[in-house]
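**Q** Dropping the sequence and predicted coords here.
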There are 2 protein chains.
Amino acid sequence: MALARATESSPADEAWEILRGLLAAGRRRFLVAASELDLHPAQAGALLHLEPATPMPMHELATVLGCDNSNVTGIVDRLEARGLVTRRPYAQDRRVKHVVLSPAGVELRDRVRAHMADAPEAIRRLSEADQCLLRDVLRRAVEGDQAPAG
Amino acid sequence: MALARATESSPADEAWEILRGLLAAGRRRFLVAASELDLHPAQAGALLHLEPATPMPMHELATVLGCDNSNVTGIVDRLEARGLVTRRPYAQDRRVKHVVLSPAGVELRDRVRAHMADAPEAIRRLSEADQCLLRDVLRRAVEGDQAPAG
DNA sequence: AAAAAACCTTGAGGTTGTCAACTATCGATT
DNA sequence: AATCGATAGTTGACAACCTCAAGGTTTTTT
């Protein structure tokens, strides 16, 4: 049945199918970037999700990484051992520990981001008009994401 | 002003920046799908890259997965132990072993794909016109991918 | 106050990932 | 045809990842 409805799939699903290909390519680039910066994928992923000056609770990191809480303990352990992040107690809820990027962590995070910044070939070879079209549609897609969901 | 060069980045890069957000979300969905089907992420990834009726050399699997050859050995070991793939000698080059999906492997691969098939919220809530716009631009992006690059 | 839930950590056990070394095979050179 | 260098896959060692179950601390609910 998954296959029968291929012909009647929505344009959204058809767009998503193509996007999944770009995602796999993006994943490969991410692995290369992490490896070149001597980071394991999970560590690089954690860094990418941290904003300088925006402490994040451990369990929230677990959520965005899609893994167990106990997993984050080890990942943060190693990042902390390398001086890339620090754990900070959270006075308002003493069960919680916040993860904060250190200066070195910010710098390394930016380097990971830089590795990922260039758009892949497929997108770059689009006409300027198409690139703008794509960017604008994507902006509309993620536009309402901030407020409503929360 | 987070990035000085933000103002002069191309629309392609700006589109890609938004896409990276979808990449992280897609990754999470992939992890959930794999977990629900009792597959480890790497195993599910391998299945997704295999086409029924299209044998793939081990080293090619390593390339698309972005990992070492020696890594693929273990992943295929476990997939084979579960009867999802088989190793097949390749007469034309006897160093090579081909990985082939078994019927059970095809079925499980399709189930992973089904889990990933639905477009994420952000895309689905676009207007029908925008969905088509997005799909068509993406088609143009990946269009020339077959022949030129290789 | 007691019970239930949330947050983080620990430990066990299997999987992933990298590296270096090894065997077998292929391709090109001599 | 014999050899040298490169390629394909495997193995072993070792660190990291990941899930689960269990436990301690703190918060929230009853």
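**A** Here it is on my side, so go on. Numbering: from 1, shown residues only, chains lettered A, B, ... in the order given.
**Q** Please count neighbours and contacts with C-alpha atoms only from this point.
**A** Will do.
**Q** Could you list the low-pLDDT ranges of chain A?
**A** In the predicted model, chain A carries pLDDT under 70 at residues A:1-8, A:144-150.
**Q** Could you rerun that using 90?
**A** Applying pLDDT under 90 to chain A flags the ranges A:1-10, A:20-28, A:32, A:35-36, A:53, A:117-118, A:120-121, A:142-150.
**Q** Give me the next element, helix or strand, following the single longest helix found in it.
**A** Longest helix in chain A by number of residues (criterion: DSSP state H): helix A:11-36. Following helix A:11-36 in sequence order, the next helix or strand is helix A:41-49 (DSSP states H and E).
**Q** Which strands or helices does that following helix pack on?
**A** helix A:11-36, helix A:58-65, helix A:69-81, helix A:103-117 (3 or more C-alpha pairs under 8 Å, 6 or more residues apart in numbering or on different chains; DSSP states H and E).
**Q** so, in contact with DNA strand C or not, the longest helix of chain A?
**A** Yes. Contact between helix A:11-36 and DNA strand C, assessed by C-alpha under 7 Å from any atom of the strand, occurs at A:31, A:35.
**Q** Which positions within that helix qualify as buried?
**A** Residues of helix A:11-36 classed as buried by neighbour count (16 or more other C-alpha atoms under 10 Å in any protein chain shown): A:11-17, A:19-20, A:22-24, A:26-34.
**Q** Could you do stretch A:69-81 as well?
**A** A:72, A:75-76, A:79-80.
**Q** Output those residues in a markdown table, with distance to chain B appended to each entry.
**A** Formatted as a markdown table, the buried residues of stretch A:69-81 follow (distance: C-alpha to the nearest C-alpha, whole Å):
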| residue | distance to chain B |
| --- | --- |
| A:Val72 | 15 |
| A:Ile75 | 17 |
| A:Val76 | 19 |
| A:Leu79 | 20 |
| A:Glu80 | 23 |
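**Q** Closest one of these to A:Pro55?
**A** If you rank the buried residues of stretch A:69-81 by distance to A:Pro55 using C-alpha to C-alpha, A:Val76 comes first, at 13.0 Å.
**Q** if we can go back for a sec, so of the buried residues of stretch A:69-81, which two are at opposite extremes in space?
**A** Pairwise distances across these (C-alpha to C-alpha) peak at 11.7 Å, for the pair A:Val72 and A:Glu80.
**Q** wait, what's in contact with the closest residue to A:Pro103 other than its chain neighbours?
**A** Once flanking residues are discounted, A:Pro103 sits nearest to A:Leu84: 7.4 Å by C-alpha to C-alpha, 6 or more residues apart in numbering or on different chains. By C-alpha atoms under 8 Å, 6 or more residues apart in numbering or on different chains, the contact set of A:Leu84 is A:101-106, A:108.
**Q** ok, the buried residues of stretch A:69-81 vs DNA strand C, which is closest?
**A** Closest to DNA strand C out of the buried residues of stretch A:69-81 is A:Val72 (6.4 Å), distances taken as C-alpha to the nearest atom of the strand.
**Q** How about the closest one: what's its closest non-neighbour residue?
**A** A:Ala62 (6.0 Å).
**Q** what about that neighbour, distance to DNA strand D?
**A** In this view, A:Ala62 and DNA strand D are 8 Å apart by C-alpha to the nearest atom of the strand, to the nearest Å.
**Q** Go ahead and confirm that residue touches A:Asn69.
**A** Yes. In this structure A:Ala62 lies within contact range of A:Asn69 using C-alpha atoms under 8 Å: 5.4 Å.
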